[in-house]
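1. sequence and predicted structure, then a few things I'm wondering about:
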Amino acid sequence: MKAVYFDCSFGISGDMAVAALLDLGADQQALLDTLQTLPLNGYKIEISEVQKSGITACDFNVILDSHHENHDHDMDYLHGSSTDSHHSHGTHETHTHQSSGNHHHDHRNLADIKKILDNSQMSEGAKALSHRIFDILAEAESEAHGLPVDQVHFHEVGAVDSIVDIAAFSICMDELGFEKVFVPRLCDGCGQIRCQHGLIPVPVPAVKNIAKNHHLPLASTKVHGELITPTGAALVAATLTDNELPDPYYIQKVGTGAGKRDYATPGIFQVMVITY
């Protein structure tokens, strides 16, 4: 049976997961070609090799144009040290990319996002997985904001980079065809982080809701900051088949994805093809 172990010891986000799957061997050109078919603009993609704590890792970077800029990796902003002029912007990888000139990109509902995915040349398996991930996020955000799912406007998870990350993850997972996904635990940080609505505690509400709804095994660390993003949690919730790793297991191949924030952690996410 084709099995993979998601090592979330240092967190997981959408871009980290895509990068790890590319490093594991997912077809980079096929991914880029398929993403080109999404009816979506305002971004470009860079894939590179970087060093994180001396470890070679793949970096998958969705670079937004000036209308979609955000504070995803601005550490002062994320932890509340910014000036008031920044408070209209979103924060982490699944949060708002506000722009005064293009509100279409700020407010998409679930149906809008699914239409974007369905109007691409993604495989049926990849489309189904991406739908499931967004359904999980919609459910979590509706709980967090006290709104019915169909009234949730995805200014929190409907931004361009999140759609690209989730589509890319779904494309890679569908290509690699894992039958088992082992995730023993998801390690998050502590403290607080800024989102569109102000400073909120870590784990953030959407991550807590996803963990609750899908019985995800959370663990706390002493790292100050958000290691598990809502998108990262949703990727796990959509693909996890087993919490308990086989004993013993044998590693066949390792893929390493790089995070972009500088926390007191190596900032990597690893996936391992295993046999047992």
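-> The structure has been received and is ready for your questions.
2. what number of residues lie near Val254?
-> 15 (other Cβ atoms under 10 Å). To be clear about C-beta, it is placed using only N, CA and C from the backbone, and glycine gets the same treatment.
3. what do you get for Lys127?
-> Close neighbours of Lys127, defined as other Cβ under 10 Å, add up to 19.
4. can you pull the pLDDT of Phe169?
-> Reading off the per-residue confidence, Phe169 sits at a pLDDT of 98.
5. same question for Ala126.
-> What the model reports for Ala126 is a pLDDT of 98.
6. helix/strand/coil for it?
-> Taken by DSSP: H, G, I helix; E, B strand; the rest coil, the conformation at Ala126 corresponds to helix.
7. and it, how close does it get to Ala238?
-> Distance, Ala126 to Ala238, by Cβ to Cβ, to the nearest Å: 12 Å.
8. swap in Gln51?
-> Distance of Gln51 to Ala238, computed by Cβ to Cβ: 30 Å.
9. repeat for Lys208
-> Distance from Lys208 to Ala238, by Cβ to Cβ: 17 Å.
10. where do the helices of the chain begin and end?
-> With helices called from DSSP state H, the chain shows them at 14-24, 28-35, 75-78, 110-118, 124-145, 160-176, 205-214, 230-239.
11. nearest approach to Leu186 belongs to which of these?
-> Using Cβ to Cβ as the measure, helix 230-239 is the one of those that comes nearest Leu186, at 6.3 Å.
12. tell me the mean pLDDT for the closest one?
-> Per-residue scores along helix 230-239 average to 97.
13. also stretch 35-45?
-> Predicted confidence along stretch 35-45 averages 95 (mean pLDDT).
14. so which bits of that stretch are buried?
-> Within stretch 35-45, the residues that qualify as buried by neighbour count (16 or more other Cβ atoms under 10 Å) are 35, 38, 40, 42-43, 45.
15. residues contacting it, please?
-> Identification of contacts with stretch 35-45 by Cβ atoms under 8 Å, 6 or more residues apart in numbering yields 32, 60-65, 67-68, 102, 105, 116-117, 119-122, 160-161, 163-164, 167-168, 171.
16. just the CA trace of it, in PDB.
-> As requested, C-alpha coordinates have been extracted for stretch 35-45 and formatted as PDB (Å, rounded to 0.1, in the frame of the first residue of the first chain):
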ATOM      1  CA  LEU A  35      -2.300  25.900 -12.500                       C
ATOM      2  CA  GLN A  36      -2.200  28.000 -15.600                       C
ATOM      3  CA  THR A  37      -5.700  26.800 -16.500                       C
ATOM      4  CA  LEU A  38      -7.200  28.300 -13.300                       C
ATOM      5  CA  PRO A  39      -9.300  31.400 -14.300                       C
ATOM      6  CA  LEU A  40      -7.300  33.500 -11.800                       C
ATOM      7  CA  ASN A  41      -4.800  36.300 -12.100                       C
ATOM      8  CA  GLY A  42      -2.800  38.600  -9.900                       C
ATOM      9  CA  TYR A  43       0.000  36.300  -9.100                       C
ATOM     10  CA  LYS A  44       3.100  34.500 -10.300                       C
ATOM     11  CA  ILE A  45       4.800  31.300  -8.900                       C
END
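17. and that stretch, how far from the chain's centre?
-> Here the centre of mass of C-alpha atoms in stretch 35-45, compared against the chain's by Cα atoms, centre = their mean, to the nearest Å, lies 17 Å away.
18. kindly report the same for stretch 110-125.
-> Using Cα atoms, centre = their mean, the offset of stretch 110-125 from its chain centre is 17 Å.
19. straight-line length of it, end to end?
-> Distance between the boundary residues of stretch 110-125 (Cα to Cα, to the nearest Å) amounts to 19 Å.
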